[in-house]
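Trainee: My questions are about this predicted structure, shown below with the sequence.
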Amino acid sequence: MSEAEREDHVAVVLRAAAAAYQSAAGADYTPPRREQPASTAMRGTVVCVLIAGIFGAVTASKKILFVQALPAGAGLIATLLA
């Protein structure tokens, strides 16, 4: 699989995941434009997961901070450094 095909595949998967997540939350969702790089879409999705993890840790269980927010934070840092 070429790099361009991989980026397209990642973008499609991220759009589907974000749409499902926001649909479950009852929010309106506008998918990113096709010209948008996959890394930008990935950052937006990871930020949403990070925020949800922090909110979950505050409202439900501290375990969510380590299971969801910490990996999301690490992923965000990795995408920013890439």
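Mentor: All right, it came through fine.

Trainee: So which helix or strand of the protein has the lowest pLDDT on average?
Mentor: Lowest on mean pLDDT, DSSP states H and E among the helices and strands of the chain sits helix 3-25, with a mean of 71.

Trainee: what residues are up against residue 55?
Mentor: Under the criterion of Cβ atoms under 8 Å, 6 or more residues apart in numbering, residue 55 has no contact partners. (C-beta placed from N, C-alpha, C; glycine too.)

Trainee: The residue nearest to residue 63 when sequence neighbours are not counted is in what secondary structure piece?
Mentor: Among residues not flanking residue 63 along the chain, residue 57 sits closest, at 7.9 Å (Cβ to Cβ, 6 or more residues apart in numbering). If you go by DSSP states H and E, residue 57 is part of helix 38-59.

Trainee: Against which helices or strands is the helix or strand following that helix packed?
Mentor: Under the assignment DSSP H and E, the closest C-terminal helix or strand after helix 38-59 is helix 63-64. Secondary-structure packing of helix 63-64 (3 or more Cβ pairs under 8 Å, 6 or more residues apart in numbering; DSSP states H and E): helix 38-59.

Trainee: which ones are touching residue 50?
Mentor: Residue 50 touches 69, 72-73, 76, counting by Cβ under 8 Å, 6+ apart.

Trainee: Recalculate using a threshold of 10 Å.
Mentor: 68-76 (Cβ atoms under 10 Å, 6 or more residues apart in numbering).

Trainee: Pipe those residues into a markdown table and attach distance to residue 14 and pLDDT per row.
Mentor: Output for those, formatted as a markdown table (distance: Cβ to Cβ, whole Å; pLDDT from 0 to 100):
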| residue | distance to residue 14 | pLDDT |
| --- | --- | --- |
| 68 | 17 | 89 |
| 69 | 18 | 90 |
| 70 | 20 | 91 |
| 71 | 16 | 90 |
| 72 | 13 | 89 |
| 73 | 17 | 88 |
| 74 | 17 | 89 |
| 75 | 12 | 85 |
| 76 | 13 | 84 |
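
Trainee: filter those residues to the buried ones?
Mentor: Buried members of the contacts of residue 50, scored by 16 or more other Cβ atoms under 10 Å, are 68-69, 72-73, 75-76.
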